[in-house]
Structure formats: C-alpha cells, structure tokens
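K.L.:
After the sequence you'll find the predicted model.
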Amino acid sequence: MATVPPEFQETINALNALYNAPSNSAKKEANRWLEDFQAKPEAWQTAVLLLSTETVGLEAQVFGAQTMRRKIVDDFQDLDAASREQLHTSLLNISFQHRTSPKVVRTQLCLSLAALALRMLEWEQPVRHMINLYGSNATDLPYLLEFLTVLPEDVNDSRCPNLTDEEYRNRADELLTRNANEILKMLVLFMEGSGGNTKLQEAVFKCFLSWLRSGDIATSSLSKNPLLAFSFKALQMPELFDTAVDVVCELIYQTKDIEDSMPVIEEIYPNLLPLRQEIVQSLEDDNEENIRGYCKIFVEAGECYLSLVVRHTDHFRGIVEGIAECTSFHDLDVVPMTFRFWYQLADELRKNEEARLKYQDVYEKLVDVMIKHLHYPDDMDSWSAKQRDDFKDFRHVMGDVLKDCCLILGSRIPLGKAYMKITEAAQKAPPKWQEVEAPLMALRSMGAQVEPEENEVLPEIMKLLSQLPDHPKIKYAATLVIARYGNWTDKHPEFIEYQLKFISSGFDNEDVVAASALALKLLCKECSTHLLNYLNQLHGFFMNVTQKLKGLDLWEVTEAVAHVIAAVPNAELAQVFRMFCAPIAQQLATLASKTAATQEEDIPLIIDNITQLKIFFETVNPQVAPTEAHPCIPIVQELWPVMDSLADRIGAVDEASRPLAGCWRSIVISYRTHYAPLLPVTMARLIKSFEQTGLGQYLWVSSRVVREFGEQNPGAALQFVEGLSASMWQILQKYAGQFDEIPDVVEDYFNLVSDTMVACPREYLHSTLFPMVFEAMDASLTLKEQYSLIAVLRHCRIVLDHLNDLQHPRDSPSQSPSLTASEAAIVKGQFEAHDAFVAKLVQGLIFHFPPEVHGDAIGLIKALAMFCPQESVVWYGKAVSALEHATPNEMQKTVADFSAAAADANWSKVRSAVHDFTTVYRRKNVLPRSRSNKK
C-alpha cells in the first residue's frame with residue numbers, strides 16, 4: 001500500500017464523516033467534497049482502489065462502484081487508448097471479485113460494465129464475453145443476469161459524447177439486436193433449470209422484461225416460447241406475482257401491432273381469460289394487491305387490443321368485462337387505472353354502431369358503479385382537509401367516465417338511472433344525504449353530454465329538486481345541477497322562474513351561498529335574453545344580496561347580472577348600466593373620501609367594489625361601430641373622478657391597486673378606440689401612480705394602452721413610455737445589482753417596452769429611450785427569477801427578430817413597419833458597446849439561469865448570430881475563453897462549430913453548438929457542487 005495516493009485516504013475520511021459525523025454541517029461538507037471529487041481525474045484510480053481493498057467497508061465499496069460508473073458515463077471520452085484498456089482490465093477483474101458481493105455493489109458494477117460496453121468500441125462482443133465468464137457456474141448466474149438486465153436500459157438511456165450518432169446506432173445494434181435471440185434462448189434454459197429457485201426465476205423474469213422493453217426481441221420470436229407460459233404461471237406464485245404482472249403487461253404491449261402479432265396474441269388471450277376467475281376471487285377476498293395487478297394486465301390488454309375489442313366484440317368481450325370487474329372494486333386507488341380505457345373504448349365505439357350496441361349493457365352497469373364510487377363515506381368528518389380536496393378532485397375525474405357512458409348510451413338511460421337513485425334514496429326514512437348527493441353529482445358530470453333538447457327525464461329531475469330532503473349538502477348539489485344545465489334551461493325557459501326562486505333561496509344558507517352564486521352566474525350567462533324580463537327583479541335582488549356577500553360570491557353575482565345587462569339593446573343600455581354601476585360608484589366615492597386613518601379597515605370593501613366594476617366593464621361590451629357613440633363610455637367618464645381619487649388614496653396599497661389597475665385595463669380592452677378621449681388623463685394617471693408607488697401593475701396596464709393605441713399614435717405612445725421610464729430608471733438605480741428583489745416590476749417594464757417595440761419599432765429604436773433600455777437589459781442578465789428574466793430576453797429577441805426580418809425575409813410579410821439599415825446600425829452599435837452581452841448569456845446558461853429559461857437564452861444567441869454572424873463568433877469566442885475550467889479542445893471545438901454554422905447560415909446548428917457546450921460544461925463543473933449545496 002506504499003503507492004496509495006493521498007486522495008484514497010481523504011476519500012475514506014470523507015466517507016467516515018458522511019456516515020458518522022455528529023453534525024449535519026460536517027456531513028454536508030463531506031458530501032460536497034465527495035461529489036466534487038468524483039468529477040476529478042484522480043477519482044479513476046481511487047475508485048479502483050476502493051473496490052480492490054476488502055477492508056474499506058461496504059459504504060466505501062458502494063461509493064467506489066458509483067464513482068466508477070459516473071466516471072465512465074461522464075469522462076470516458078477523456079481517456080487515451082492505453083488508459084481505456086487498463087480500465088477494461090481493471091473493471092473485469094473487480095467485477096469477478098465482487099460477483100457475489102451485496103446487490104448494491106453488484107448493480108453499480110454491472111451498470112459500469114454496461115456503460116463501458118457501449119462506449120469502448122475496442123471491446124469485441126461484450127455480451128458473449130460476459131456469458132463466457134459467468135454463464136457456466138450456477139453461483140455466478142445472478143451476476144450475469146444483473147448485467148444483462150441493466151444493459152438494455154443503459155444503452156437506450158445513455159449520452160455518449162465519444163460516439164457519433166452512427167457509431168452509437170451500430171454499437172447498440174451489436175450489443176442488443178444481434179444478441180436478442182441468443183439471450184431469449186438462454187433465459188428459457190435458465191428458467192427450465194431453475195427448479196424451485198424463485199430468486200433465480202425472478203432474476204430471469206426481470207432480465208426478460210428489460211429486453212422486451214428495449215424492443216430488440218422480435219415479436220415473432222415470442223410465439224410458442226416457453227417464457228410466455230412461464231409468465232402467466234408465475235401469477236399464481238406470491239413471490240413472483242408483481243414481476244410476472246410487469247412481464248405480462250410488457251408482452252401485451254409489445255404485441256400491440258395487431259397485424260404482425262396475431263399469432264402471439266392468440267396465445268396470450270387464452271391465458272387472460274382464466275384470470276377473470278382470479279379477479280372474482282380477489283374481489284371476494286378484498287385482496288387489493290392482486291386486484292391491482294390483474295387490473296394492470298387487463299387494462300393493458302384493453303388499450304393494446306382495442307381494435308380487436310371493437311371489431312370482434314363476442315370473442316374479445318372478456319377483456320372489457322374483466323376491466324369492468326376491476327372498476328367495481330371499492331379501493332379508489334385502483335379504479336382510476338381503468339379510466340383511460342373507458343375513454344378510448346367509448347371514442348372507438350361511437351364510430352361503430354354495431355359494436356356500440358353490443359357493449360351497451362357493460363356501460364349501463366358502469367353507470368351504476370361510478371355513481372356508487374361518487375358516494376362520500378359515512379366517516380368523512382374524520383378526514384383531513386387534503387383528503388377532502390383529493391376526493392373532490394377525484395369525483396370530477398370519475399365524472400368524465402360518466403360522460404363516456406353518455407356517449408355510448410345516449411343521455412336518457414344515465415339520466416334515468418340517476419333520477420331513480422335520487423328518488424329511492426330520498427324516500428328512505430331517514431334519508432342518507434350521501435345517497436342523494438352522489439347521483440346529483442352524477443347529473444352534474446353528465447351535463448356536457450346531455451342534449452339541450454332533452455324533454456323526457458330532465459324536466460322531471462328539475463321538478464324533483466325542490467322536493468328533496470332539507471340538507472345543506474343536498475341543497476348545494478341540487479343547486480349546482482341547475483348551474484350545469486343552463487344551456488338546457490335556455491331551451492326550456494318555462495323553468496327560469498322556478499330555478500331563480502330555488503337559487504335565491506340558497507343565499508339564506510351560508511353552506512349553499514357559493515353554489516347559489518355560481519348557479520346564478522351560469523344561469524344568467526346562458527339565459528341572458530330570457531332574463532331581460534326579470535331585470536327589475538334582478539336589480540332589487542342585486543341591491544339586497546350584495547350587501548351581505550363578499551369576495552368570490554359577490555363577484556359571481558355581479559357577473560350574473562352583468563350578463564343580463566350585456567343583452568340589453570344599445571339604445572337602452574346606458575340607463576340600465578348606470579342603474580347598476582351608480583350605487584357601487586357612490587360607495588367607492590364615500591370610501592375614497594375617508595381619512596387615511598380609517599381607510600385601512602375599508603380595503604377589503606374597496607377591493608370588492610372595484611372588482612365589481614371591473615367585472616361589469618369586462619362583461620358589458622357591446623358591438624359598436626367606431627363612428628358611433630359608445631353607450632358605456634359616458635359611464636366610464638362619470639366614474640373616472642372616483643377612480644382617480646381612489647388612486648391617490650389607495651394607489652400605493654398593493655392588494656387594492658391591483659384590482660384598480662385591472663379595472664382600467666378591462667376598460668381599455670373592452671372599449672378600444674372609443675376610449676381614446678380618455679387616453680390623456682389615463683396616461684397621466686398611470687405615470688403619476690407609477691412615480692408615486694413603483695408598483696408593477698401600473699406598467700401592466702400601460703402595456704395594454706400601448707398595445708391598443710401605439711400603432712395609430714406612435715409619438716404619444718413613446719412619450720408615455722418615456723414618462724414611465726423616468727421613474728423606472730430611479731428604481732433600477734436604487735436596486736442596482738439586486739434586481740431579483742423587484743422581479744415583478746422588471747418583468748412588467750420589459751413587457752411594456754416589448755409592446756412598444758412591436759407597436760412603433762422605428763420610433764422606438766431612434767428614440768433616446770432605446771440605449772437606456774439596452775443598458776437596463778444588459779444589467780438585468782444577472783437575474784435568477786424565471787419570468788422577469790424571460791421578459792428581458794424576450795425584449796431583446798423581439799428587437800432582433802424585427803431586424804432579421806429585414807435581412808432574412810419570411811414567406812409572409814411582417815405586419816409591423818419594415819425597418820431599414822439605419823435601425824440595424826443602431827442596434828448593432830448597442831451590442832458593440834456592450835460586447836460582454838453574449839458572455840453574460842453564456843455564464844447565465846451555465847451558472848444561474850433557471851432551466852426553463854435556457855431555451856430562450858440559446859434562441860437569443862441564435863437570433864444574434866443571424867443578425868451579425870461575424871461579430872457573434874467573436875463575442876461567443878470571448879465568452880467561452882472567459883470560462884475558468886474549459887479545456888483548449890472544448891473551447892476550440894465549440895467556437896469552430898459555432899463559426900461554421902454561422903458561416904453556412906445553419907442556425908439550428910448554432911443553437912446546438914451553444915446548447916451542447918453549456919450543457920457539458922455545466923454538468924462537469926457546476927452540477928456536482930450545486931447538488932451538494934441543496935442537501
């Protein structure tokens with residue numbers, strides 16, 4: 001051991017600290033050191049020593065095996081020919097030494113061997129070599145099977161920088177495809193000679209499964225193969241059940257190409273049918289694990305053999321019935337496994353009338369099963385809030401299956417079943433609310449598939465709702481039934497008055513208010529024209545009930561009446577709209593006039609009132625010709641002083657100013673050119689509010705103003721943006737180097753200037769504003785927050801895309817004004833003045849940009865290469881050379897690839913050059929440390 005390098009003992013010490021140190025900080029430091037060490041060249045020798053030294057302990061040998069695999073995967077391409085051969089010899093010797101070691105070591109060594117087999121082309125026939133080494137001794141078979149199991153997985157999920165695409169394909173073919181038949185025969189021999197050794201049988205099955213999943217075993221070779229029969233027999237053995245389920249499912253999946261696989265399917269299907277008896281027995285025994293396994297098998301068969309199930313209904317009906325039996329199981333973790341099949345089957349059956357009729361009986365039973373599953377349990381009070389929410393979400397998913405049933409049965413039968421169950425449950429003494437509520441929920445779920453013209457069952461259901469037991473859960477569900485069938489009510493207006501009374505009565509019950517508000521909104525939306533006759537009643541109801549409501553319930557009631565107001569003819573609209581808006585405006589004026597000391601407690605009420613106005617302006621949006629007077633603009637003009645006063649009073653309160661800004665934005669969107677007379681005061685208010693508060697919501701509204709009016713009036717738009725920018729520069733100076741503390745403001749500002757560039761590109765690029773924005777953009781590349789960073793990159797990309805349209809015209813002409821060489825010179829001048837811009841992008845890609853931003857950043861570099869290819873090569877070269885750990889070969893290769901792609905105008909290869917280099921550099925030099933820092 002005299003030649004043992006110092007890193008060996010350092011590694012032992014770090015492992016001891018990792019597993020035995022008393023403090024978490026020492027363990028984290030040890031973990032960081034170990035992960036960093038794995039990236040170093042010295043790790044090769046240390047891994048070999050750890051695996052060759054018996055006295056180091058299991059933890060050290062596991063680390064050695066993990067390090068060996070990682071080095072082969074990440075750094076094999078850095079080895080010369082002699083080092084590769086030395087590695088090959090050492091690894092084979094170590095593997096033989098550890099062939100009976102604990103599984104955790106064996107698995108990592110087998111993964112190392114698989115990785116080496118793929119990458120080391122000089123290793124001839126690795127699979128045959130391993131079989132010769134380990135295939136003749138029974139005690140060595142588990143190690144051989146482990147290697148053969150991980151080989152397909154590793155080959156099909158590997159990155160190999162040392163291999164070209166063609167070399168990789170050829171090597172994968174040599175390792176897998178050419179050996180598949182021999183492996184299959186060998187597995188049969190192992191299985192036939194396994195006797196009662198279930199561990200060996202399990203290893204054989206796992207190996208078989210891995211090669212099946214790789215797709216290298218030809219489907220035709222499975223016909224008459226004993227492994228197929230072995231797989232089904234193993235379902236009767238508890239020790240092998242789970243593995244056998246996976247194998248059978250994969251066998252089915254690999255035979256999904258019906259035409260080519262029919263001989264094998266004809267062997268598989270007779271083995272499926274007897275499993276129906278096992279399902280029945282498992283249901284009786286309440287054996288969840290077995291039901292789950294059989295359900296996986298039958299669902300796989302149903303999805304893969306769907307065309308057979310539809311075309312040959314009598315012969316393959318057993319698959320559908322088996323899935324139906326699994327769906328009836330009470331455990332709601334198992335039931336969802338079947339849902340996709342029911343959707344796929346319904347989608348196919350609706351195209352085949354003969355098959356649809358033959359499966360109707362199955363779907364009728366399925367309706368009953370799903371309604372039963374919709375029942376809330378009796379012990380729901382003991383559930384946590386999360387359990388309640390999860391079950392609510394799951395009920396909606398179950399509702400999708402009921403929609404599938406309606407596709408096959410039509411709406412009458414499912415509606416009739418729900419109606420009968422409601423009636424029967426309501427007549428019990430005493431009734432259980434769960435038994436009434438579940439079919440009501442089913443009615444809601446089926447609503448999308450029920451024809452608005454349905455006249456047989458739904459009228460009886462609607463009449464029944466008011467006769468149901470007086471229970472809040474039932475009332476809530478019944479109210480939501482009305483909500484769901486608004487389009488049906490529109491065709492049956494005789495029920496409107498009845499439904500309005502039913503809904504309005506729910507506002508007296510705090511447990512039903514939310515459902516009533518939603519129902520009123522949807523009823524008014526669908527039946528707005530019919531409800532014009534009820535406007536006066538709605539106004540009285542609105543004035544009364546909104547005094548008691550808050551938040552979402554208030555807003556939904558407001559939207560309800562807004563839909564009816566929107567149906568009022570334009571000639572009468574102003575008067576009706578004012579009638580509903582004026583009381584809200586008066587209350588806001590009173591609140592705005594209060595002193596600051598008393599205003600804070602009124603913030604929730606102010607938010608509610610402003611949101612009501614926002615909803616009105618969003619919803620009441622009549623079509624009016626540009627030359628005609630808009631009936632809503634006078635109301636906006638009357639309300640403006642109130643909103644202006646509110647902005648002075650509460651404009652700095654973030655939670656209150658957001659809905660106020662949203663209200664202004666809705667007005668701009670809804671009334672567009674008709675809003676032009678109010679633009680000057682709006683722009684002045686937005687500039688003032690942003691100057692006073694620095695809140696991003698004012699920039700958000702400003703973006704919409706520029707988007708709507710900038711193209712028609714570029715001078716005013718640019719002056720408006722410059723006014724906002726004056727305050728933005730002060731904010732950026734205040735937070736210099738700390739832009740991540742104001743991500744929302746940065747995001748909103750760059751969205752604003754992006755909209756400015758789109759609306760008036762020539763004026764923007766020639767303005768004094770553009771150089772200042774570019775300076776801010778350059779400074780913002782230190783951001784780490786995803787959305788603000790995307791906004792920055794998007795702005796630069798929009799500028800470059802406009803200019804690239806000039807140099808590289810697209811098939812369809814740009815809708816924006818075409819730019820000239822003078823604008824191109826301005827932009828190029830900014831990039832030359834900020835020649836580290838590309839370097840900041842490269843550093844961001846490697847060190848701190850979120851993964852979601854990488855595509856935008858690389859796309860920006862590609863766009864810049866299109867704009868000025870020669871300069872971009874220089875900037876990219878400087879960026880790469882500034883990286884501390886980039887090797888000369890790596891730098892030379894990526895710059896050469898980038899330069900060649902830019903010269904050939906092959907812009908996708910420019911993107912690839914940047915992506916490949918930054919990905920490899922980040923993996924080798926950054927990720928080990930960042931992983932340890934997270935622990």
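P.N.:
Happy to help now that I have it.

K.L.:
quick one: low-confidence ranges for the stretch 101-250 of the chain?
P.N.:
Scanning the stretch 101-250 of the chain for pLDDT under 70 picks out no residues.

K.L.:
quick one, what contacts residue 630?
P.N.:
Contacts for residue 630 (CB atoms under 8 Å, 6 or more residues apart in numbering) come out as 622, 624, 671, 674. Bear in mind the C-beta positions are built from the backbone N, C-alpha and C, glycine included.

K.L.:
Leaving out sequence neighbours, find the closest residue to it.
P.N.:
residue 674 (3.9 Å; CB to CB, 6 or more residues apart in numbering).

K.L.:
what's near enough to touch the one you found?
P.N.:
Contact analysis of residue 674 by CB under 8 Å, 6+ apart lists 624, 626, 630, 632, 633.

K.L.:
how many other residues sit next to residue 427?
P.N.:
For residue 427, the neighbour count with other CB atoms under 10 Å is 9.

K.L.:
ugh, typo on my part, it should be residue 138
P.N.:
Close neighbours of residue 138, defined as other CB under 10 Å, add up to 11.

K.L.:
Show the backbone phi and psi for it.
P.N.:
phi -60, psi -30 (degrees, to the nearest 10).

K.L.:
gap between it and residue 144?
P.N.:
Going from residue 138 to residue 144 by CB to CB, to the nearest Å gives 11 Å.

K.L.:
what does residue 499 give?
P.N.:
To residue 144, residue 499 is 73 Å away according to CB to CB.

K.L.:
In this structure, which helix is the longest?
P.N.:
Looking across the chain with DSSP state H, the single longest helix is helix 385-409.

K.L.:
returning to that earlier point: filter the contacts of residue 630 to the buried ones?
P.N.:
622, 624, 671, 674 (16 or more other CB atoms under 10 Å).

K.L.:
okay if I get these as CSV plus secondary structure?
P.N.:
Formatted as CSV, the buried ones among the contacts of residue 630 follow (DSSP: H, G, I helix; E, B strand; the rest coil):
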residue, secondary structure
622, coil
624, coil
671, helix
674, helix
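
K.L.:
Kindly reformat those residues as CSV containing pLDDT and distance to residue 297.
P.N.:
As requested, the buried ones among the contacts of residue 630 are exported to CSV (pLDDT from 0 to 100; distance: CB to CB, whole Å):
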residue, pLDDT, distance to residue 297
622, 94, 59
624, 93, 63
671, 94, 61
674, 93, 64
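
K.L.:
which among those gets closest to residue 686?
P.N.:
Checking the buried ones among the contacts of residue 630 against residue 686 by CB to CB gives residue 671 as the nearest, at 16.7 Å.

K.L.:
where does the stretch 501-650 of the chain have low pLDDT?
P.N.:
595-599.

K.L.:
can you pull out the helices in it?
P.N.:
With helices called from DSSP state H, counting those that start in this stretch, the stretch 501-650 of the chain shows them at 513-526, 535-545, 551-566, 570-592, 596-599, 603-619, 633-650.

K.L.:
what residues does the last one touch?
P.N.:
If I follow you right, that is helix 633-650. Under CB under 8 Å, 6+ apart, the answer for helix 633-650 is 574, 577-578, 581, 585, 588-589, 591-593, 596, 599, 603, 606, 610, 613, 617, 656-657, 660, 663-664, 667, 671, 674-675, 677-678, 681, 685, 688-689.

K.L.:
gap between that helix and the chain center?
P.N.:
A distance of 40 Å separates the C-alpha centroid of helix 633-650 from that of its chain, computed with CA atoms, centre = their mean, to the nearest Å.

K.L.:
The third one now?
P.N.:
Helix 551-566 has its average C-alpha position 32 Å from the chain's average C-alpha position, going by CA atoms, centre = their mean.

K.L.:
If we go by neighbour counts, what in it is buried?
P.N.:
Applying 16+ other CB under 10 Å to helix 551-566 flags 553-566 as buried.

K.L.:
same deal with the longest one?
P.N.:
Buried positions in helix 570-592, judged by neighbour count with 16+ other CB under 10 Å: 573-574, 576-578, 580-581, 584-585, 587-588, 591-592.

K.L.:
Check the contacts of residue 674 and tell me the two furthest apart.
P.N.:
626 and 632 (14.4 Å).

K.L.:
Between those two, which is the more surrounded one?
P.N.:
Taking neighbours as other CB under 10 Å, residue 626 and residue 632 compare with residue 632 leading, 24 against 9.

K.L.:
thought the more buried one was touching residue 620?
P.N.:
Yes: Residue 632 is within contact range of residue 620, at 6.2 Å (criterion: CB atoms under 8 Å).

K.L.:
what about residue 48, distance to residue 577?
P.N.:
82 Å.

K.L.:
do residue 273 as well
P.N.:
68 Å.

K.L.:
Low-confidence regions, the stretch 801-935 of the chain specifically.
P.N.:
Looking at the stretch 801-935 of the chain by pLDDT under 70, you get 807-819, 927-935.

K.L.:
Show me where it has its helices.
P.N.:
Using DSSP H, counting those that start in this stretch, the helices of the stretch 801-935 of the chain run over 821-833, 837-843, 854-867, 869-881, 888-903, 907-925, 927-934.

K.L.:
could you check the angle helix 869-881 makes with the longest one?
P.N.:
Okay, so that is helix 907-925. Orientation check (axes from the mean of the first three to the mean of the last three CA atoms, to 10 degrees): helix 907-925 against helix 869-881 gives 10 degrees.

K.L.:
Only the buried residues of helix 907-925, if you could.
P.N.:
907, 909-915, 917-918, 920-921, 924-925.

K.L.:
name the helices or strands packed onto that helix?
P.N.:
helix 58-75, helix 854-867, helix 888-903 (3 or more CB pairs under 8 Å, 6 or more residues apart in numbering; DSSP states H and E).

K.L.:
the helices in the stretch 1-150 of the chain, which residues?
P.N.:
6-20, 24-38, 43-52, 58-75, 81-97, 103-119, 126-134, 141-155.

K.L.:
Dump the helix or strand hosting residue 480 to PDB, restricted to CA.
P.N.:
Using DSSP states H and E, residue 480 falls within helix 472-484. Taking C-alpha atoms only, helix 472-484 is exported to PDB below (Å, rounded to 0.1, in the frame of the first residue of the first chain):
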ATOM      1  CA  PRO A 472     -77.200  21.600   3.100                       C
ATOM      2  CA  LYS A 473     -75.200  19.000   1.200                       C
ATOM      3  CA  ILE A 474     -78.200  18.000  -0.900                       C
ATOM      4  CA  LYS A 475     -79.200  21.700  -1.500                       C
ATOM      5  CA  TYR A 476     -75.700  22.500  -2.500                       C
ATOM      6  CA  ALA A 477     -75.500  19.600  -5.000                       C
ATOM      7  CA  ALA A 478     -79.000  20.300  -6.400                       C
ATOM      8  CA  THR A 479     -78.100  24.000  -6.900                       C
ATOM      9  CA  LEU A 480     -75.100  23.000  -8.900                       C
ATOM     10  CA  VAL A 481     -77.200  20.800 -11.100                       C
ATOM     11  CA  ILE A 482     -79.100  23.900 -12.100                       C
ATOM     12  CA  ALA A 483     -75.800  25.600 -12.700                       C
ATOM     13  CA  ARG A 484     -74.700  22.800 -15.000                       C
END
